[in-house]
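Trainee: Structure, please.
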Amino acid sequence: MAEFDDERIASPKQRRKTVILDRFLTFAGLALAGASAFFPWYVFFNEDKFGINVASSDNARELPDWPARNVFSVSPLAMVNKNETDKKVPPVDTLTTATVSDLGKARDGAMLKEDQPFPGKSSFRLLHVSNGRALIEDPSGMYVVRIGSILPDESRLATLEQRDGKWVIVTSKGEIYQNN
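Mentor: Reported below is the predicted structural model:
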(Lines give C-alpha, C1' and ligand atoms only; values in the text may rest on other atoms or scores of the structure.)
Protein backbone atom coordinates (compact mmCIF):
# COMPACT_ATOMS: atom_id res chain seq x y z
CA MET A 1 0.00 0.00 0.00
CA ALA A 2 1.13 3.45 -0.76
CA GLU A 3 1.34 6.23 1.77
CA PHE A 4 -1.59 8.16 0.39
CA ASP A 5 -3.86 5.09 0.54
CA ASP A 6 -3.34 4.98 4.28
CA GLU A 7 -4.59 8.54 4.66
CA ARG A 8 -7.79 7.85 2.72
CA ILE A 9 -8.98 5.10 5.02
CA ALA A 10 -11.35 6.71 7.46
CA SER A 11 -11.94 5.59 10.96
CA PRO A 12 -15.32 4.05 11.84
CA LYS A 13 -16.22 7.22 13.80
CA GLN A 14 -15.73 9.41 10.74
CA ARG A 15 -17.75 7.04 8.57
CA ARG A 16 -20.61 7.13 11.05
CA LYS A 17 -20.64 10.98 11.08
CA THR A 18 -20.65 11.05 7.28
CA VAL A 19 -23.56 8.59 7.07
CA ILE A 20 -25.58 10.61 9.62
CA LEU A 21 -24.89 13.87 7.70
CA ASP A 22 -25.88 12.25 4.39
CA ARG A 23 -29.13 10.94 5.87
CA PHE A 24 -29.95 14.33 7.39
CA LEU A 25 -29.36 16.13 4.09
CA THR A 26 -31.45 13.53 2.23
CA PHE A 27 -34.32 13.91 4.71
CA ALA A 28 -34.13 17.73 4.56
CA GLY A 29 -34.17 17.66 0.74
CA LEU A 30 -37.17 15.34 0.65
CA ALA A 31 -39.04 17.48 3.20
CA LEU A 32 -38.35 20.63 1.18
CA ALA A 33 -39.50 18.94 -2.04
CA GLY A 34 -42.69 17.74 -0.35
CA ALA A 35 -43.47 21.19 1.02
CA SER A 36 -42.84 22.74 -2.41
CA ALA A 37 -45.28 20.31 -4.00
CA PHE A 38 -47.92 20.73 -1.28
CA PHE A 39 -47.86 24.56 -0.89
CA PRO A 40 -49.59 25.48 -4.20
CA TRP A 41 -52.47 23.15 -3.29
CA TYR A 42 -52.70 24.74 0.14
CA VAL A 43 -52.95 28.18 -1.48
CA PHE A 44 -55.55 26.91 -3.96
CA PHE A 45 -57.82 25.51 -1.22
CA ASN A 46 -57.33 28.49 1.14
CA GLU A 47 -57.95 31.31 -1.31
CA ASP A 48 -59.39 33.63 1.35
CA LYS A 49 -56.02 33.73 3.13
CA PHE A 50 -53.96 34.40 0.00
CA GLY A 51 -56.40 36.12 -2.37
CA ILE A 52 -56.51 39.81 -3.25
CA ASN A 53 -58.83 41.76 -0.98
CA VAL A 54 -60.61 44.52 -2.85
CA ALA A 55 -61.44 47.44 -0.60
CA SER A 56 -64.96 48.76 -0.84
CA SER A 57 -65.29 52.32 -2.09
CA ASP A 58 -67.86 55.06 -1.74
CA ASN A 59 -66.91 56.37 -5.18
CA ALA A 60 -68.83 53.64 -6.98
CA ARG A 61 -71.32 54.83 -9.58
CA GLU A 62 -74.82 53.87 -8.53
CA LEU A 63 -77.65 53.37 -10.98
CA PRO A 64 -80.17 56.23 -11.12
CA ASP A 65 -83.53 56.04 -9.31
CA TRP A 66 -85.72 57.00 -12.27
CA PRO A 67 -87.33 54.38 -14.49
CA ALA A 68 -85.45 52.94 -17.42
CA ARG A 69 -85.86 54.38 -20.90
CA ASN A 70 -85.11 53.06 -24.34
CA VAL A 71 -81.63 54.08 -25.43
CA PHE A 72 -80.66 53.39 -29.01
CA SER A 73 -77.18 54.88 -28.75
CA VAL A 74 -74.24 53.55 -26.79
CA SER A 75 -72.75 57.02 -26.55
CA PRO A 76 -72.04 58.38 -23.05
CA LEU A 77 -74.04 61.45 -24.13
CA ALA A 78 -77.17 59.27 -24.32
CA MET A 79 -77.48 59.21 -20.50
CA VAL A 80 -79.09 62.44 -19.37
CA ASN A 81 -78.62 63.83 -15.89
CA LYS A 82 -82.05 64.24 -14.31
CA ASN A 83 -80.59 66.08 -11.31
CA GLU A 84 -79.99 69.49 -12.90
CA THR A 85 -80.09 71.21 -9.49
CA ASP A 86 -77.07 69.23 -8.30
CA LYS A 87 -74.71 70.89 -10.79
CA LYS A 88 -71.68 72.28 -9.05
CA VAL A 89 -69.90 75.42 -10.17
CA PRO A 90 -66.15 74.82 -10.60
CA PRO A 91 -64.04 76.70 -8.09
CA VAL A 92 -62.47 79.95 -9.29
CA ASP A 93 -58.90 80.80 -8.41
CA THR A 94 -58.88 84.40 -7.22
CA LEU A 95 -55.10 84.58 -6.86
CA THR A 96 -53.55 87.27 -9.07
CA THR A 97 -50.70 85.73 -11.03
CA ALA A 98 -49.53 88.55 -13.31
CA THR A 99 -49.49 92.29 -13.81
CA VAL A 100 -50.27 94.35 -16.87
CA SER A 101 -48.23 97.37 -17.82
CA ASP A 102 -49.81 100.81 -18.04
CA LEU A 103 -48.31 101.42 -21.48
CA GLY A 104 -50.94 101.81 -24.15
CA LYS A 105 -53.42 103.45 -21.80
CA ALA A 106 -54.25 107.09 -22.19
CA ARG A 107 -51.99 109.39 -20.17
CA ASP A 108 -52.38 113.13 -20.29
CA GLY A 109 -54.90 112.73 -23.11
CA ALA A 110 -52.47 110.96 -25.51
CA MET A 111 -52.40 107.30 -26.41
CA LEU A 112 -49.05 105.56 -25.91
CA LYS A 113 -48.09 102.49 -27.87
CA GLU A 114 -46.22 99.76 -26.10
CA ASP A 115 -42.85 99.39 -27.78
CA GLN A 116 -42.13 95.68 -27.88
CA PRO A 117 -39.65 94.52 -30.51
CA PHE A 118 -39.95 91.27 -32.42
CA PRO A 119 -37.81 88.67 -30.58
CA GLY A 120 -34.53 88.54 -32.45
CA LYS A 121 -33.86 89.73 -35.95
CA SER A 122 -35.60 87.41 -38.36
CA SER A 123 -33.49 87.06 -41.44
CA PHE A 124 -35.14 85.72 -44.52
CA ARG A 125 -34.06 85.36 -48.10
CA LEU A 126 -35.74 85.82 -51.43
CA LEU A 127 -36.01 82.61 -53.43
CA HIS A 128 -38.16 83.43 -56.48
CA VAL A 129 -40.43 86.14 -57.93
CA SER A 130 -43.29 85.42 -60.33
CA ASN A 131 -46.64 87.06 -61.26
CA GLY A 132 -46.34 89.81 -58.65
CA ARG A 133 -45.61 87.40 -55.82
CA ALA A 134 -42.38 86.49 -54.08
CA LEU A 135 -41.33 83.24 -52.45
CA ILE A 136 -39.30 83.89 -49.29
CA GLU A 137 -37.73 81.53 -46.77
CA ASP A 138 -36.81 81.91 -43.12
CA PRO A 139 -35.86 79.31 -40.47
CA SER A 140 -39.53 78.54 -39.74
CA GLY A 141 -40.57 77.85 -43.34
CA MET A 142 -41.34 79.19 -46.82
CA TYR A 143 -43.95 81.87 -47.60
CA VAL A 144 -45.54 83.38 -50.69
CA VAL A 145 -45.95 87.14 -50.22
CA ARG A 146 -47.10 90.06 -52.35
CA ILE A 147 -46.99 93.83 -52.02
CA GLY A 148 -48.52 94.81 -48.67
CA SER A 149 -47.90 91.41 -47.00
CA ILE A 150 -46.35 91.33 -43.53
CA LEU A 151 -42.84 89.87 -43.59
CA PRO A 152 -41.13 87.84 -40.83
CA ASP A 153 -39.26 90.96 -39.62
CA GLU A 154 -42.64 92.67 -38.90
CA SER A 155 -42.27 95.03 -41.86
CA ARG A 156 -44.42 95.08 -45.01
CA LEU A 157 -43.40 94.28 -48.54
CA ALA A 158 -43.22 97.68 -50.29
CA THR A 159 -42.07 96.83 -53.82
CA LEU A 160 -40.81 94.06 -56.05
CA GLU A 161 -38.14 95.37 -58.42
CA GLN A 162 -35.72 93.97 -60.92
CA ARG A 163 -32.24 95.49 -60.57
CA ASP A 164 -29.35 94.47 -62.80
CA GLY A 165 -31.29 91.41 -63.98
CA LYS A 166 -31.96 90.17 -60.42
CA TRP A 167 -35.15 90.48 -58.42
CA VAL A 168 -35.12 92.42 -55.15
CA ILE A 169 -37.77 93.17 -52.58
CA VAL A 170 -37.84 96.43 -50.65
CA THR A 171 -39.51 96.46 -47.23
CA SER A 172 -41.35 99.29 -45.52
CA LYS A 173 -38.28 99.71 -43.27
CA GLY A 174 -36.16 100.35 -46.36
CA GLU A 175 -34.25 97.05 -46.22
CA ILE A 176 -33.45 95.39 -49.54
CA TYR A 177 -33.34 91.63 -50.01
CA GLN A 178 -31.85 90.30 -53.24
CA ASN A 179 -32.41 86.99 -54.98
CA ASN A 180 -29.21 84.96 -54.83
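Trainee: The protein - how does it break down into domains?
Mentor: 11-53, 125-178 (automatic domain parsing).
Trainee: Contacts for stretch 136-151, please.
Mentor: The contact list for stretch 136-151 (CB atoms under 8 Å, 6 or more residues apart in numbering) reads 122-127, 132-135, 152, 156-160, 169, 171, 177. For the C-beta atoms, the positions are set from N, CA and C on the backbone; glycine is no exception.
Trainee: just checking, which of the residues you listed belong to strands?
Mentor: 125-127, 133-135, 157-160, 169, 171, 177 (DSSP state E).
Trainee: what's the farthest-apart pair in these?
Mentor: 127 and 158 (18.5 Å; CB to CB).
Trainee: who's in contact with residue 159?
Mentor: 147, 169-170.
Trainee: any idea which of those is closest to residue 12?
Mentor: Checking the contacts of residue 159 one by one against residue 12 (CB to CB), the nearest turns out to be residue 169, at 112.5 Å.
Trainee: ok, what's across the strand from that closest one?
Mentor: Residue 169 has these beta-bridge partners by DSSP bridges: residue 160, residue 177.
Trainee: and it, what does it touch?
Mentor: Contacts of residue 169 (CB under 8 Å, 6+ apart): 126, 129, 134, 136, 157-161, 176-177.
Trainee: Mind pulling up the pLDDT for it?
Mentor: Looking at residue 169, its pLDDT is 89.
Trainee: do the same with the one 10 residues further on
Mentor: In this prediction, residue 179 carries a pLDDT score of 78.
Trainee: Give me the neighbour count for it.
Mentor: 17 (other CB atoms under 10 Å).
Trainee: ditto for residue 132
Mentor: Counted with other CB under 10 Å, residue 132 comes out at 8.
Trainee: what's the longest helix in this protein?
Mentor: helix 12-45 (DSSP state H).
Trainee: how near is residue 167 to residue 143?
Mentor: Residue 167 is 16 Å from residue 143, where distance means CB to CB, to the nearest Å.
Trainee: Repeat that for residue 177.
Mentor: Counting by CB to CB, the gap from residue 177 to residue 143 is 13 Å.
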